[in-house]
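A.B. asks: Starting from these lines, generate the structure:
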Amino acid sequence: MKDKIKEAFNQIQAEEALKNNTKEFLAEQMQKHTKPIKRQFHMYAVACACLLLLLIGGCWLYFTPTSGISIDINPSIELSVNRFGKIISVDSMNADGYALSNTLDIKFKNYTDAINQILESEKIATLLADDEILTITVTGSDETQSVKILSEIEQCTAKHKNTYCYSASCEDTAAAHEAGLSFGKYRAFLELKKLDPDILPETIRDMTMREIRDLTEKLCGDHDSSTGTSSDSDMGNGHHGFHNGQGYRKKRGEE
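C.D. replies: Take a look at the predicted model:
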């Protein structure tokens, strides 16, 4: 009887030892396999973070405007251009501009394709045929890009009558929007203000570019009559390009 009890007791101890050994073995195996998994997870996490930063940086580069194009005839719209020459936004500056922008499919297209589509649109073609004036004004923080845009837009407008291309300073852009004008119309407003210091942005806000030009020429005529001198308005002397951030342009279709 004593031998049987002793044998049973020894068997229990053996089972406990087996259990403990099994636990230690499993713990060692789990530890060995967990470390590579943690290392792999860490590598995947770093790769995902790098990819996310790359995507965010790419989006920031793409959707940051570096130049702007103001198109004014009444309608008036403004196009924002990124460093890759793509249109990233189209802003309407008046009700006619809103109506025009709804007919266009130019977002994310190259700016030359956008300008050609605008010039060939039924609304703009009809206005130009009726002897209205269209001005295209370029501004931007990257002067090299802005000069390139201005030059290529001049080529786009070469066959279109009554179109004018200008440049404007970056400082004028913010001031234009504060005055409720596109920077194309604001450039014309500054020219008018030289002739009539009392003129207000509200005076020309809803005027067509033809009406603004006629007013400029009238004020020039009044000024010449009062001073006995002769001068040309900025909308008739046929220059273009960048010069100390001021607006100049080349008259197209009337050389």
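
A.B. asks: CA only for contacts and neighbour counts going forward, please
C.D. replies: Noted.

A.B. asks: so who does residue 96 touch?
C.D. replies: 74, 75, 76 (C-alpha atoms under 8 Å, 6 or more residues apart in numbering).

A.B. asks: Mind doing that once more with 7 Å?
C.D. replies: When contacts are counted by C-alpha atoms under 7 Å, 6 or more residues apart in numbering, residue 96 is found next to 74, 75.

A.B. asks: Over to residue 133?
C.D. replies: 73, 162, 163, 209, 210.

A.B. asks: mind running it again at 10 Å?
C.D. replies: Residue 133 makes contacts with 72-74, 124, 127, 161-164, 208-213, as judged by C-alpha atoms under 10 Å, 6 or more residues apart in numbering.

A.B. asks: ChimeraX command to pick out the buried ones of those?
C.D. replies: The following ChimeraX line selects those of the contacts of residue 133 that are buried, judged by 16 or more other C-alpha atoms under 10 Å:
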select :72,73,74,124,127,161,162,163,164,208,209,210,212,213
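
A.B. asks: Among the contacts of residue 133, name the ones in helices.
C.D. replies: Among the contacts of residue 133, the subset assigned to helices under DSSP state H consists of 124, 127, 209, 210, 211, 212, 213.

A.B. asks: Rounded mean pLDDT for the host helix or strand of residue 155, please.
C.D. replies: Using DSSP states H and E, residue 155 sits within helix 143-157. Taken as a whole, helix 143-157 carries a mean pLDDT of 96.

A.B. asks: same check, this time on stretch 182-198
C.D. replies: 95.

A.B. asks: Tell me the one of the ones in helices among the contacts of residue 133 nearest residue 141?
C.D. replies: residue 209 (25.8 Å; C-alpha to C-alpha).

A.B. asks: could you redo the ones in helices among the contacts of residue 133 as TSV and give each row pLDDT?
C.D. replies: Compiled in TSV, those are given as follows (pLDDT from 0 to 100):
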residue	pLDDT
124	97
127	97
209	96
210	96
211	96
212	96
213	95
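
A.B. asks: Let me know the closest of those residues to residue 184.
C.D. replies: Using C-alpha to C-alpha, the ones in helices among the contacts of residue 133 come closest to residue 184 at residue 209, 9.6 Å.

A.B. asks: how close does the closest one sit to residue 133?
C.D. replies: 6 Å (C-alpha to C-alpha, to the nearest Å).
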